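Engineer: Build the 3D model from these lines:
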Amino acid sequence: MEAYGGLVAGSHNRNELVVIRRDGDGPKPLSNVNIHICQICGDDVGITMEGELFVACNECGFPVCRPCYEYERNDGNQSCPQCRTRYKRHKGSPRVDGDEEEEDTDDLENEFNYTDNDHQDKHQDVTEEMLHAHMGYGHDSDVMMTPIHPQYPLLTSGHMVSGTSESSTASPEHHAIVLPPSTGGGKRVHPIPYLEGSSPAEARPMDPTKDLAQYGYGSIAWKERVESWKLRQEKLQMTMTEGGQYQAKGAHDDSDLNGPDLPIMDESRQPLSRKVPFPSSRINPYRMIIVIRLVVIAFFFRYRILNPVHDAYGLWLTSVICEIWFAVSWILDQFPKWLPINRETYLDRLSLRYEKEGEPSQLAHVDVFVSTVDPTKEPPLVTANTILSILSVDYPVDKVSCYLSDDGAAMLSFEVLSETSEFARKWVPFCKKFSIEPRAPEVYFALKIDYLRDKVQPTFVKERRAMKREYEEFKVRVNALVAKAQKVPEEGWTMQDGTPWPGNNTRDHPGMIQVFLGHSGGLDTEGNELPRLVYVSREKRPGFNHHKKAGAMNALVRVSAVLTNAPFFLNLDCDHYINNSKALREAMCFLMDPTVGKRVCYVQFPQRFDGIDRNDRYANHNTVFFDINLKGLDGIQGPVYVGTGCVFRRQALYGYDPPPKDISSKKGHSNSWCCGPRKTGHKQAKCKRGGKLKKSPLKTVSETPIFSLDDIEEGIEGTDEEKSSLMSMKNFEKRFGQSPIFVASTLLENGGVPHAANPGSLLKEAIHVISCGYEDKTEWGKEIGWIYGSVTEDILTGFKMHCRGWRSIYCMPPRPAFKGSAPINLSDRLNQVLRWALGSVEICLSRHCPIWYGYGGGRDGGLKCLERLAYINTTVYPLTSLPLLAYCVLPAVCLLTGKFIIPTISNLASLWFISLFISIFATGILEMRWSGVGIDEWWRNEQFWVIGGVSAHLFAVFQGLLKVFAGIDTNFTVTAKSSEDDDFGELYVFKWTALLIPPTTLLIINLVGVVAGISDAINNGYQSWGPLFGKLFFAFWVIVHLYPFLKGLMGRQNRMPTIVIVWSILLASIFSLLWVRIDPFLARVSGPNLQQCGINC
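Structural biologist: As a prediction, this is how the structure comes out:
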């Protein structure tokens, strides 16, 4: 697609398609220009060999003579000075780099495929003519619809022989070994017989004076070598286990594999990754203490249930119920961490296997999705830095395409993206020339490090200073656009050419697509290609449910499938930039690994954050979850999908099942109890979900689609029963939508767009697939793509893929792959946690609840047992807020009433309490030991678990119940991202919200309870202090956990408001005096209190 070819806006339902060119980018009027005079040198333009006027540019017709045209193509920028369209090669012109290959003659008409019908339908095909020249669709290894059978020539006496008649006269002794051209599949080619055809292939030169047996051909030795090679291959039929060990198929005695015939595998055939188990000295004590803790909990509950407190039966019963729920919650959280693992990747082996010297890169194509909604809450400069880090990633430029989804249809986002694309022409070559990290300019220039380290090029300092000036100017332009957008004109925004912005009404606008950078139209300052950069805003109309972020992501999946169709895609939030330029290569080490990659649905990276306060007051880093929980899940079936920093396999998101496991790979597994049921039969599991589309277990070559397009319409003859049942076009449209081009793309297992695809028709189809009614009566959001039904669509989407039998991978490279921003303000943080918890409640109350959904799915048993426990814990954890709130109130009630939830215990019973506390602390210590998490991070996580549990989780439970049972929906609020770190000023800003009420109430009543309990002990004497300590312990447990919340209420450090101090002291003093004087919980009797006075009458 032509870069800067214009904004394409349209609506499929309304049959509208408009191309809006930017002012100055389109062809200028030529009415005042003499078309016979070259506008560069002033000479006559001249005529062609057919006697017609020479036209250099077929897009705008800008008059340029033949010599200037040739000079521009050979030594200039190879583009028209008027419309900046790349010059096409005319008949008789020498080829230059970048020219498209013609199949037949050197003919301009054949090259552009002009016909008389094109002139008749010129008005209808204006979009195709404008965008055809520079669509740049199709990749080096794209899919060709018809297979090509090349001819392999013969070599006789060192000379080429052509023609079938001569080939028959050549003796077999003179046949040379000929290697056919590479098919891109990366497979080793062996000698094959001669095939009829017309396209010659280059033969290996042979010396006719030497014996052909020396070349291993034409002799008995050649046959013996082939048989020997086959024998060795049979011995080497090894199945690579995920742990990096080999297992012979069907062989119990591997002594034959140690002989001298066993060749050593070269580096490029080694596995691309391996598991790194934790040392047994660290993980085994951790498992032992878990078992011990289970035993202690059992004896603890035995004592608690058999010894009720009769004078405080209500308090005792409440505490026991809460403790039982806490034990169940601990089991759901603990056992999925039974098998934690680490992983290592080998980037050098990836390059050796897929980037061979002198050959085009065979790395898979990757589409990158960036989503944004509101530029007022998501600063455009932050989004621009994310885009720049993507465009400069260390990956072949022709393999990367970046899509920005602007779900708010904001003209500010559009204009900032235009500025970003211009700055990328300078930034990307600078990053790749000096290999800088990170490649987000805002973060790079803010680093306080020695940037001269390891930089030996003498021009680095000069170019860095110049680039910093360029970036400061870029920031000025972006900030000017932001300032301009603060006040919206009454008539709405207008583009530079005076055309009204199509997205002025954010709830009623057509779909919009703009390509800012393309492979042929987007070049950097050094003349190198840049990755594609595409702006997408899906159509929105009143009366349609657009499904928020999940719907926007599904629109990106479809539009990218039509335009580029990469087999893998990475999704990022607009504030998550690529911190490690090799992040895509890290993911490819798993997804392109031939041993484990076929069954991997996604590779999840941990989230890391910038701009967090030093003490991480509100546990924004979430280190316990990312460094402990997800490592544990990686040892079972893989981590959950957390919404960003995840590289997907496109076919897995389309609802296909993973390929079946080899039967031999199922043998020898001893931990099947945690991996779920395993099927040993050859019969494939039938789908229990209606309309499930299952992929054939037979895998094809990378260049061929899983199903052919012709087979969709006509059906396949001679194929197996499962395939033939899927060949109805009606079934495909019911599942994927009424787009033949998109349906065709879903059948290409390895992605790609056909070379012969018409760019204009692809663009029209892209507008069609992002129309607001496209998903009606399809399985989008139900079985395909991001799943609808929860505001945390990420958890639900990953859960559905795991239920089909896919597994995921957790990748933690030494340098964090991505970094983003997190809300450090207390109110913003609680609102973020509220949204996550609300999504979990919605899943828990839906048909997708992991307690009853997903049994028996997939070919290999679907969801594994421990993985199911993890998903159950992920969805039911907000319910813990109810017993947690009650348990935090109990200490204050006990202090105020003088009662306690535990009776007077004996020495033996006290051992169970002591053992329980010791096992709790031991579990945490050993967990920190094997994971490397610091004690401060672990403690902050414990504190915020209580803060979020009694506030955000509590509100989420009630909001979820209202939404599911009463239909009262809550508005989705975008988490605000900060663009600057102003000494963590946002940390101390007080924003009142209802979420602050429950924790504040708990703090007050527990502080009052402590004052009341101490006052009562002082009043009653020494004997009252013993029972008081147990009550004070639980009260202080609540207060200590809520301490970060208390600091958030106080504001900036060491600046507690004076009014708070005065009123706190005053209220505490008054309450203490009244408590001592009134003593409201002392029993009232008439006459003297004999027990108190000690008189025995």
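Engineer: could you check the distance from the residue lying closest to His509 once chain neighbours are set aside over to Pro510?
Structural biologist: Leaving out its chain neighbours, the residue that sits closest to His509 by Cβ to Cβ, 6 or more residues apart in numbering is Gly503, at 4.5 Å. Every C-beta, even on glycine, is put in place using the N, C-alpha and C of the backbone. As judged by Cβ to Cβ, to the nearest Å, Gly503 and Pro510 stand 8 Å apart.
Engineer: between these two, which one's more packed in?
Structural biologist: Remark: of Gly503 and Pro510, Pro510 carries more neighbours, 26 against 23, as counted by other Cβ atoms under 10 Å.
Engineer: Phi first, then psi, for that one.
Structural biologist: When read as degrees, to the nearest 10, the backbone of Pro510 gives phi -80, psi 170.
Engineer: Val640 too?
Structural biologist: Note on Val640: its backbone torsions stand at phi -70, psi 160 [degrees, to the nearest 10].
Engineer: From Arg829, how far out is it?
Structural biologist: Using Cβ to Cβ, which is the criterion applied here, Val640 is 21 Å from Arg829.
Engineer: His365 now?
Structural biologist: With Cβ to Cβ as the criterion, His365 and Arg829 are 38 Å apart.
Engineer: Repeat that for Phe742.
Structural biologist: For Phe742 relative to Arg829 (Cβ to Cβ), the value is 40 Å.
Engineer: How about Val478?
Structural biologist: For Val478, the distance to Arg829 - Cβ to Cβ - is 27 Å.
Engineer: Which of the two has more residues huddled nearby?
Structural biologist: It is Arg829, of Val478 and Arg829, that has more neighbours when counted by other Cβ under 10 Å, with 24 against 21.
Engineer: downstream neighbour of the helix or strand containing the more buried one in the secondary structure list?
Structural biologist: Element membership of Arg829 [criterion: DSSP states H and E] is helix 826-844. Sequence order places helix 865-876 as the next helix or strand after helix 826-844, per DSSP H and E.
Engineer: So which elements touch that following helix?
Structural biologist: helix 313-334, helix 630-634, helix 672-675, helix 793-803, helix 826-844 (3 or more Cβ pairs under 8 Å, 6 or more residues apart in numbering; DSSP states H and E).
Engineer: Deepest in the core, which of the ones you listed is it.
Structural biologist: Highest mean neighbour count among these (mean count of other Cβ atoms under 10 Å): helix 793-803, with a mean of 25.
Engineer: average pLDDT for that one?
Structural biologist: Helix 793-803 shows a mean pLDDT of 91.
Engineer: what's the answer for stretch 915-927, then?
Structural biologist: For stretch 915-927, mean pLDDT rounds to 92.
Engineer: that older thread, I'd like to know which of the helices and strands packed on helix 865-876 is closest to Tyr471.
Structural biologist: Evaluated over the helices and strands packed on helix 865-876, closeness to Tyr471 peaks at helix 826-844, with 28.3 Å, by Cβ to Cβ.
Engineer: so the closest one versus helix 793-803, what angle?
Structural biologist: 30 degrees (axes from the mean of the first three to the mean of the last three Cα atoms, to 10 degrees).
Engineer: what's helix 826-844 packed up against?
Structural biologist: Using 3+ Cβ pairs under 8 Å, 6+ apart: helix 826-844 touches helix 793-803, helix 865-876, helix 935-949, helix 952-961, helix 1043-1050.
Engineer: Make TSV out of these and add distance to Thr85.
Structural biologist: Listed next are the helices and strands packed on helix 826-844 as TSV, based on distance: least, Cβ to Cβ, whole Å:
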stretch	distance to Thr85
helix 793-803	41
helix 865-876	52
helix 935-949	55
helix 952-961	54
helix 1043-1050	58
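Engineer: Out of those helices, name the one with the poorest average pLDDT.
Structural biologist: Lowest mean pLDDT of the helices and strands packed on helix 826-844: helix 1043-1050, a mean of 78.
Engineer: Give me the angle between that one and helix 826-844.
Structural biologist: On the basis of the same axes, to 10 degrees, helix 1043-1050 is oriented at 130 degrees to helix 826-844.
Engineer: What are the buried residues along helix 1043-1050?
Structural biologist: 1044-1045, 1047-1050 (16 or more other Cβ atoms under 10 Å).
Engineer: same check, this time on stretch 44-62
Structural biologist: The neighbour-count check on stretch 44-62 (16+ other Cβ under 10 Å) flags 45, 54-62 as buried.
Engineer: and the residues you listed, which two are the farthest apart?
Structural biologist: Val45 and Glu59 (16.3 Å).
Engineer: Just list the residues touching the residue lying closest to Ala817 once chain neighbours are set aside, thanks.
Structural biologist: Among residues not flanking Ala817 along the chain, Ala583 sits closest, at 3.8 Å (Cβ to Cβ, 6+ apart). By Cβ atoms under 8 Å, 6 or more residues apart in numbering, Ala583 lies in contact with 393, 570, 605, 813, 817-818.
Engineer: pLDDT added to these, as TSV?
Structural biologist: Output for the contacts of Ala583, formatted as TSV (pLDDT from 0 to 100):
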residue	pLDDT
Val393	94
Leu570	94
Phe605	95
Pro813	93
Ala817	93
Phe818	94
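Engineer: Confidence-wise, which helix or strand of this protein is lowest on average?
Structural biologist: Using mean pLDDT, DSSP states H and E, the weakest-scoring helix or strand in the chain turns out to be strand 154-156, at a mean of 32.
Engineer: Cys41 is in contact with Pro67, correct?
Structural biologist: Yes. Here Pro67 reaches Cys41: they are 7.4 Å apart, a contact under Cβ atoms under 8 Å.
Engineer: thinking again about what came up before, wait, a helix at the residue nearest to His509?
Structural biologist: No. Applying DSSP: H, G, I helix; E, B strand; the rest coil, one finds Gly503 to be coil, outside a helix.
Engineer: For it, give its distance to Glu415.
Structural biologist: Going from Gly503 to Glu415 by Cβ to Cβ gives 12 Å.
Engineer: and Val1011, how many neighbours does it have?
Structural biologist: Summarising burial for Val1011: neighbours were counted as other Cβ under 10 Å, giving 17.
Engineer: quick check: mean pLDDT across the strand or helix carrying it?
Structural biologist: Applying DSSP H and E as the criterion places Val1011 in helix 997-1020. Averaged over helix 997-1020, pLDDT sits at 83.
Engineer: Tell me which other helices or strands it touches.
Structural biologist: Using 3+ Cβ pairs under 8 Å, 6+ apart, helix 997-1020 sits against helix 881-897, helix 1025-1041, helix 1043-1050, helix 1058-1078.
Engineer: Can you tell me which of those has the worst average pLDDT?
Structural biologist: Minimum mean pLDDT among the helices and strands packed on helix 997-1020: helix 1058-1078, a mean of 56.
Engineer: hmm, back to that, quick check, the residue nearest to His509 in contact with Met495.
Structural biologist: No. Using Cβ under 8 Å, Gly503 is not in contact with Met495; the gap is 10.8 Å.
Engineer: Common neighbours of the two, please.
Structural biologist: Met411.
Engineer: Can you report how many residues neighbour Ile770?
Structural biologist: Neighbour tally, Ile770, other Cβ under 10 Å: 27.
Engineer: quick one: pLDDT of it?
Structural biologist: pLDDT, Ile770: 90.
Engineer: does it really touch Glu539, like I thought?
Structural biologist: Yes. Using Cβ under 8 Å, Ile770 is in contact with Glu539, at 6.0 Å.
Engineer: Now for the two: what residues contact both?
Structural biologist: Contact criterion Cβ under 8 Å, 6+ apart; residues shared by Ile770 and Glu539: Gly511.
Engineer: wait, what's in contact with the residue nearest to His509?
Structural biologist: Applying Cβ under 8 Å, 6+ apart to Gly503 gives the contacts 406, 408-411, 509, 512, 537.
Engineer: Tell me which entries of the residues you listed lie within strands.
Structural biologist: 406, 512, 537 (DSSP state E).
Engineer: shouldn't the second one be in contact with Val8?
Structural biologist: Yes. If you go by Cβ under 8 Å, Met512 and Val8 touch, sitting 7.0 Å apart.
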